[in-house]
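Q: What shape does this take:
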Amino acid sequence: MIEICALASGSNGNCYYIGNSHEAVLIDAGISCKQILLRINQKGLDPNRIRAVFISHEHTDHVRGARVFGNKLKILPFLKFFFELPLLLIFLLQIFLNLVAIK
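A: This next block holds a predicted model:
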């Protein structure tokens, strides 16, 4: 089952959790690391499944917690520009189809 959850959406911060029973990614990390983890736990999701953080662009409401969250979970945030969107979609599709395992 694919889980998609908006942890934050709007000008105060954007953060989306997308995952399956084995792996997950975050799209943007525009709220603090503390808030990301709190909201993940409130939704009953597992932060240890997160393998990557994709940043759509460099505005504060999309990157605020990326560095701290990445350091805490030992995940490197990826900055994806508009022209690279198809690569992100292919990457997510591969995760959901279990064609690749992100370690």
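Q: and residue 6, how far is that from residue 50?
A: 15 Å (C-beta to C-beta, to the nearest Å). For every residue, glycine as well, the C-beta is placed using N, CA and C.
Q: try residue 19
A: 7 Å.
Q: for residue 27, same thing?
A: Residue 27 is 11 Å from residue 50, by C-beta to C-beta.
Q: on that earlier part again, out of residue 6 and residue 50, which sits in the busier spot?
A: Ranked by neighbour count (other C-beta atoms under 10 Å), residue 6 and residue 50 place residue 50 first, with 22 against 13.
Q: Quick check: bridge partners of that one?
A: Beta-bridge partners of residue 50, counted by DSSP bridges, are residue 24.
Q: show me the contacts for it.
A: Residues in contact with residue 50, defined by C-beta atoms under 8 Å, 6 or more residues apart in numbering, are 17, 19, 24, 25, 26, 73, 75.
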